[in-house]
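[1] Sharing a model prediction with you, sequence too.
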Amino acid sequence: MSFTTVGHCGNDHAAWLKSIEFYEGEFDILKARLLEIAGKNSGTEVSQQVEHFQNQFIVQRNNIDVLKQHIHEHDGKVSKEALAHSGKMDTAFVHQHQDLKEEFDSKEKVINGLRHEFNQFLSKWM
C-alpha cells in the first residue's frame, strides 16, 4: 500500500462545497426571475421555455445534491484514512479525488452553460 498526504483534499472539498452553496443560491434567484417572466408572458413560446428552465433547474439541483453527497462521503473517507495513518492516505484516494474533481468540473460547466442560456432568455423576455 502506498501513502500520500491529505492536505489538498480538504481544501478542494471546502472550495467545492462553497461553490455549490453559491449555485444553490443562484438557482433560487433564477427561479424567482423565471416566475416573474412566466407571470408577465403567457405565449406558447415563453411557456415552453419556462417549462424547459423549470425542468433544468430541478435536474441541476438534483445533480448538485448528488455531487454534494459524493464530496461529503469522500471527505469522510479521507478523514478516517488520515486518522488511521497519521495524516496520510492511501494513494487510491488520490484517484478517487481526481474523479470527484472531474465530476465537479463537469457539473460546474453544465450549470454555467445553463446560466448563460437562461440569461439569453431573460434578455429576450424581460
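    Perfect, I can see it now.
[2] His116 and His95: what is the separation?
    32 Å (C-beta to C-beta, to the nearest Å). Every C-beta, even on glycine, is put in place using the N, C-alpha and C of the backbone.
[3] cool, and Phe53?
    Using C-beta to C-beta, Phe53 is found at 36 Å from His95.
[4] of these two, who's got more company?
    Phe53 (21 against 10; other C-beta atoms under 10 Å).
[5] tell me the contacts of that one?
    Taking C-beta atoms under 8 Å, 6 or more residues apart in numbering, we find Phe53 in contact with Leu30, Leu34, Phe118, Phe121.
[6] which non-adjacent residue is nearest Tyr23?
    Ile111 (5.5 Å; C-beta to C-beta, 6 or more residues apart in numbering).
[7] Please look at the one you found and Arg61 and confirm they touch.
    No: checked against C-beta atoms under 8 Å, the pair Ile111 and Arg61 is beyond contact range at 9.9 Å.
[8] between those two, which one's more packed in?
    The neighbour comparison of Ile111 against Arg61 (other C-beta under 10 Å) goes to Ile111, with 21 against 16.
[9] Quick check: which helices or strands does whichever strand or helix holds that one pack against?
    Under the criterion of DSSP states H and E, Ile111 resides in helix 92-125. Counting contacts by 3 or more C-beta pairs under 8 Å, 6 or more residues apart in numbering; DSSP states H and E, helix 92-125 packs against helix 7-40, helix 44-84.
[10] So which elements touch the first one?
    With contacts defined as 3+ C-beta pairs under 8 Å, 6+ apart, the packing partners of helix 7-40 are helix 44-84, helix 92-125.
[11] Can I get those in TSV including mean pLDDT and distance to Phe22?
    Formatted as TSV, the helices and strands packed on helix 7-40 follow (pLDDT from 0 to 100; distance: least, C-beta to C-beta, whole Å):
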stretch	mean pLDDT	distance to Phe22
helix 44-84	93	11
helix 92-125	94	10
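[12] and stretch 96-114, how far from the chain's centre?
    7 Å (C-alpha atoms, centre = their mean, to the nearest Å).
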